[in-house]
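Asks: Based on what follows, work out the 3D shape:
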Amino acid sequence: MDALFVVGSDQRIALINEPATKLFGLPLAVLSLSAMADSLDLLSPVGEVLPQGRWPITLALRGEFVQAFEAQVRRKDTGKTTLVQI
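Replies: Numbers count the residues shown, from 1 in each chain. Okay, the predicted model is just below:
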């Protein structure tokens, strides 16, 4: 099963599934994007840490169309990275 989370216009995570909690090391409780940013780094394909303002979900919440986005998610607690595609 794919990792999935749903974010509302208030930037709070309304839904997160179990694969996402395991992948990102997050609890099933409702969190905000800023809380997620405290736990994760999103890296560009060349390894640049992307600020939260350049995360695909933030771009989408601003009304921008996001397609074919590849990045790595790095957990701050373990340093483990995972390739994500949006």
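
Asks: what sits against the nearest residue to Ala3 once chain neighbours are set aside?
Replies: Nearest non-adjacent residue to Ala3, counting by CB to CB, 6 or more residues apart in numbering: Ala20, 3.8 Å away. For glycine as for every other residue, the C-beta is placed from the backbone atoms N, C-alpha and C. Neighbouring residues of Ala20 by CB atoms under 8 Å, 6 or more residues apart in numbering: Ala3, Leu4, Phe5, Leu26.

Asks: What subset of those is buried?
Replies: Using 16 or more other CB atoms under 10 Å as the burial test, the contacts of Ala20 include Ala3, Phe5, Leu26 as buried.

Asks: Can you classify the last one as helix, strand or coil?
Replies: Three-state assignment for Leu26 (DSSP: H, G, I helix; E, B strand; the rest coil): coil.

Asks: Identify the residues contacting the residue lying closest to it once chain neighbours are set aside.
Replies: Nearest residue to Leu26 in three dimensions, chain neighbours excluded: Ser39, at 6.1 Å (CB to CB, 6+ apart). Contacts for Ser39 (CB under 8 Å, 6+ apart) come out as Phe24, Gly25, Leu26, Arg75, Lys76, Asp77.
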